[in-house]
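Trainee: predicted model follows, preceded by the sequence.
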Amino acid sequence: MNEENVKNFPPKADQPMAEKRPPVVVVVGHVDHGKTSLLDYVRKTNVALKEAGGITQSVGAYEIEHGGRKITFIDTPGHEAFSKMRVRGAHVADVGILVVAADEGVKPQTKEALKALQDSETPFVVAMTKTDKPNADLERVKNDLTANGVLLEGYGGNISHQGVSSKTGEGINELLDLILLTADLEELHYNPEHRAAGVILEAKLDNKRGNTVTVILKDGGLKKGDLIATATAKGKVKILENFLGKPVTELQPSSPAVILGFESLPEIGEEFISGQLSEEDLKKVTKTASKKLGASDTSNKESQTIKVILKADVAGSLEALHDLLRKIPIKENQTLDVIGQSVGEITDGDIKDAVATKAMILGFRTKPNKAAENLARAQEITIVTDEIIYKLVEGIEKTFLEMGKSKYSGELEILAVFGAKGGKQTIGGRVNRGQIRIKSWLEIQRGEEIIGKGKVLNLQQGKKDVNAVNEGNECGLIFESDIKIQVGDKLLSK
């Protein structure tokens, strides 16, 4: 009996003890087409207004009741950075809702979402949102869908569709009826005698609570105290919370839940099982997660290597940041090397790693703590973070673009050395860039290395004392420094 749910996951209707379970529904579509607003109306909550930038940026799972029956929704992000998270949502779900805005029609991410549903063979219905908009055109949407191979009822196919408005609520009850009807056709069942089995939706390290894992239960019943394992992690359910964050002692399919008790973070997308688990059992757990994220190829020694350490609030965000990084344009002579990545806040340990490897830190939905902030400032470590994905992209692109540019605003090339008295040296040179000013401190560069610094005591142009010399002009100066200046050296000002 301990092996049935591993062999037959999830159970079929003709198996002994099989009982009907609620559908798990994934909501997918183009960014800003109203997915979260639709769920807000269904759940009578206001999650959309709480989202940074007004877009959903992590996978959330919610349970509702309609007509006396439960439905679990997975709300997936619509931004292009989260394509893998959308695909994962589709594989976890029993039924999909393809959201298409009535005022815009089919867009690039609509097609991507459709492909995810088709590839995972997930049955779906179409929700045409924003029907309250003045420029809503349902016929155009239907024609767009037909052109993309989605054959709706009444248009030569059998895919159900419903126009809805998250503002007025029009059509939403009918949409929920369609979901339950589609689920009934799928004959979704579970066996209460089986040990728990399900899928890891999200995993993060909480500073106060430890390893915090979001799951969807698909078979059996999960209880507090159960042993639990995936192909990469194991533990014991110490705390079990429902999707509202309330402690529960037991969970029934197809409920979303938060588990505390994993000894290490499992990979998102993995299946889990509970109970006394042998090595043979663990081998039977199907590993559906993607491979561990690795570093870029940096074999081209002539190129400039951009070394980065990635940080994010949760594993799904980290994966999205990694994938997004690959799409950010870099110069032809640059290569990208991801030398480390983890979830949680940016710590002084991360800064020390960055110092040791000469890396910058990129963070999504996470920030440096005070110790890390102070150390980064002292060590001049670049940190780019943001709560909103498109703003983070802008910040990263700007940082990459500025790499290789000199941090110095002024450069004087030494053409002659006339004499020295103590640390005061009389020298001549040409300003190649920016401006050199009297009484300014300049760094001394010999070859590619900064070897020291000194102060401009006197500055002359055309044998006249001046306060500053601009780019393209030659000058003479008295320069005070412990370093003996040589022809060919450069004096640099910030």
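Mentor: Sure, I can see it.
Trainee: what about the closest residue to G34 other than its chain neighbours, neighbour count?
Mentor: In space, and not counting its chain neighbours, G34 is closest to T129: 3.7 Å by CB to CB, 6 or more residues apart in numbering. (Each C-beta comes from the backbone N, C-alpha and C, glycine too.) For T129, the count of nearby residues is 30 (other CB atoms under 10 Å).
Trainee: same check, this time on the one 10 residues further on
Mentor: Residues lying near E139 (other CB under 10 Å) number 8.
Trainee: which SS class is it?
Mentor: helix (DSSP: H, G, I helix; E, B strand; the rest coil).
Trainee: if you count neighbours, what's buried in stretch 113-120?
Mentor: Judged by neighbour count using 16 or more other CB atoms under 10 Å, the buried positions of stretch 113-120 are 113-114, 116-117, 120.
Trainee: can I assume the residue nearest to G34 is in contact with L98?
Mentor: No: if you go by CB atoms under 8 Å, T129 and L98 don't touch, sitting 10.6 Å apart.
Trainee: show me where the stretch 101-250 of the chain has its helices.
Mentor: Ranges of helices in the stretch 101-250 of the chain, per DSSP state H, counting those that start in this stretch, are 108-119, 138-147, 172-186.
Trainee: indicate which one of those is closest to A359.
Mentor: helix 108-119 (31.7 Å; CB to CB).
Trainee: what separation do you get for the residue nearest the centre of the chain and I74?
Mentor: Closest residue to the average C-alpha location of the chain: S317 at 2.9 Å, with CA atoms, centre = their mean. Between S317 and I74 the computed distance is 16 Å (CB to CB, to the nearest Å).
Trainee: starting at the chain centroid, how far to stretch 20-29?
Mentor: 23 Å (CA atoms, centre = their mean, to the nearest Å).
Trainee: low-confidence ranges, the stretch 1-150 of the chain, go.
Mentor: Within the stretch 1-150 of the chain, the segments meeting pLDDT under 70 span 1-17, 45-59, 76-90.
Trainee: which residues of it fall in strands?
Mentor: Ranges of strands within the stretch 1-150 of the chain are 19-20, 24-29, 60-66, 69-75, 95-101, 124-129, based on DSSP state E, counting those that start in this stretch.
Trainee: of these, which is nearest T382?
Mentor: Short answer: strand 60-66, nearest of these by CB to CB, at 31.8 Å.
Trainee: quick one, domains of the protein?
Mentor: 22-187, 197-284, 304-402, 410-493 (automatic domain parsing).
Trainee: can you get me the start-to-end distance on the shortest one?
Mentor: In terms of CA to CA, to the nearest Å, the two terminal residues of domain 410-493 are separated by 5 Å.
Trainee: ok, E250 - contacts?
Mentor: 221-224, 240 (CB atoms under 8 Å, 6 or more residues apart in numbering).
Trainee: make it 10 Å
Mentor: Listed by CB atoms under 10 Å, 6 or more residues apart in numbering, the contact set of E250 reads 196, 221-224, 226, 240.
Trainee: just the closest of the residues you listed to E267, please.
Mentor: So of the contacts of E250, ranked by how close each gets to E267 (CB to CB), first place is A196, at 18.2 Å.
Trainee: just confirm that closest one contacts S254, I think it does.
Mentor: No: when contacts are counted by CB atoms under 10 Å, A196 is not listed as touching S254 (11.9 Å).
Trainee: E373 should be in a helix, yeah?
Mentor: Yes: under three-state DSSP, E373 falls within a helix.
Trainee: the chain should start at 308 in everything you say after this.
Mentor: Let's use 308 as the start, then, which means that last one is E680.
Trainee: need the strands of the stretch 308-457 of the chain in a markdown table (columns: distance to V700).
Mentor: A markdown table is the format used below for the strands of the stretch 308-457 of the chain (distance: least, CB to CB, whole Å):
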| stretch | distance to V700 |
| --- | --- |
| strand 326-327 | 45 |
| strand 331-336 | 21 |
| strand 367-373 | 22 |
| strand 376-382 | 22 |
| strand 402-408 | 23 |
| strand 431-436 | 26 |
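Trainee: out of those, deepest packed?
Mentor: With neighbours taken as mean count of other CB atoms under 10 Å, the strands of the stretch 308-457 of the chain reach their highest mean count in strand 331-336, at a mean of 28.
Trainee: within its sheet, name the partner strands of that strand and how each one runs.
Mentor: Next to strand 331-336 in the sheet, as set by DSSP bridges, lie strand 376-382 (parallel), strand 402-408 (parallel).
Trainee: skipping its backbone neighbours, what lies nearest A504 in space?
Mentor: For A504, the spatially nearest residue (CB to CB, 6+ apart) is D526, at 4.3 Å.
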